[in-house]
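> For reference, the sequence and a predicted model appear below.
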Amino acid sequence: MLELAILGFLHDTPLHGYELRKRISALTGHVRPVAESTLYPAIKRLEKAGLLARETQPGSVAAPRHVLSLTDEGRRELLRRLAEPAQGDITDENRWFTLLAFLRHLENGEAQAGVLRRRLAFLEEPASFFYDGERPLRAEELDDPFRRGILTIARATSDAELKWLRTTINSIAPGRRD
């Protein structure tokens with residue numbers, strides 16, 4: 001998801017590495033802090049693949065800065081990753097939020113709705129953090145107040161997301177009923 005975040009932020013505007021790292025950290029840092037030792041190799045991979053361009057600009061006070069921007073190929077790759085996310089990008093909440101942060105770059109409402117429908121289908125499947133054999137347990141079935149709390153909070157979050165997904169799908173792709 002680091003590469004998606006790099007491509008997504010650079011879609012908006014060219015940035016130097018420090019500013020890019022700050023923006024990625026603001027999006028994912030509380031969950032997955034971004035170290036320079038992770039960010040810069042990812043930038044180099046994307047640059048080597050022809051997805052990023054680097055331009056050296058004079059620094060205002062200090063050394064020259066390397067400003068990164070997307071190439072046309074980088075824009076196409078971003079749109080491909082947004083339109084065809086891996087299943088883990090749909091099911092993992094942190095990866096989902098990164099995908100969602102840049103989904104607006106897909107300009108086709110039906111393509112956006114298709115990604116949202118995949119998340120909706122995932123959330124509509126019965127699931128739990130705790131099971132009795134193969135059967136998912138509900139909060140009301142647990143005596144442990146802490147596990148019950150986990151399921152109560154997760155249900156509230158899922159209910160809010162389900163409502164948002166249905167409303168958003170209907171607003172960006174009206175006329176199709178799922």
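Right, received. Where do you want to start?

> okay, CA-based contacts and neighbour counts for the rest of this
Fine.

> What does the pLDDT read for the closest residue to residue 75 other than its chain neighbours?
The shortest distance from residue 75 to any non-neighbouring residue, by Cα to Cα, 6 or more residues apart in numbering, is to residue 11 (6.8 Å). Reported pLDDT at residue 11 in the predicted model: 96.

> which residues touch residue 11?
Shown in contact with residue 11 (Cα atoms under 8 Å, 6 or more residues apart in numbering): 69-70, 75.

> Give me the subset of those that lies in strands.
If you go by DSSP state E, those have 69-70 in strands.

> Please parse the chain into its domains.
Structural domains annotated on the chain: 2-81, 108-172, as defined by automatic domain parsing.

> With respect to residue 98, which of those lies nearest?
Within the domains of the chain, the stretch nearest residue 98 is domain 2-81; the backing value is 6.6 Å (Cα to Cα).

> distance between the ends of that closest one?
By Cα to Cα, to the nearest Å, the extent of domain 2-81 from end to end equals 12 Å.

> What helix or strand is the most centrally placed residue in the chain located in?
In the chain, the centroid-proximal residue (Cα atoms, centre = their mean) is residue 98; its distance is 1.7 Å. Using DSSP states H and E, residue 98 sits in helix 93-102.

> Could I get the buried residue list for the following helix or strand past that helix?
Downstream of helix 93-102, the first helix or strand assigned by DSSP H and E is helix 109-124. Using 16 or more other Cα atoms under 10 Å as the test for burial, helix 109-124 gives 111-117, 119-120, 123.

> residue boundaries of the helices in the chain?
2-12, 17-28, 36-48, 72-83, 87-91, 93-102, 109-124, 145-172 (DSSP state H).

> which one of these is the most hemmed in?
Highest mean neighbour count of these: helix 2-12, a mean of 20 (counted as mean count of other Cα atoms under 10 Å).

> what distance separates the start and the end of stretch 26-33?
End to end - Cα to Cα - stretch 26-33 spans 9 Å.

> so for it, what's the average pLDDT?
Across stretch 26-33, pLDDT averages out at 74.

> still on that earlier bit, looking at the helices of the chain, which is closest to residue 133?
The minimum distance between residue 133 and the helices of the chain falls on helix 145-172, with 16.8 Å, by Cα to Cα.
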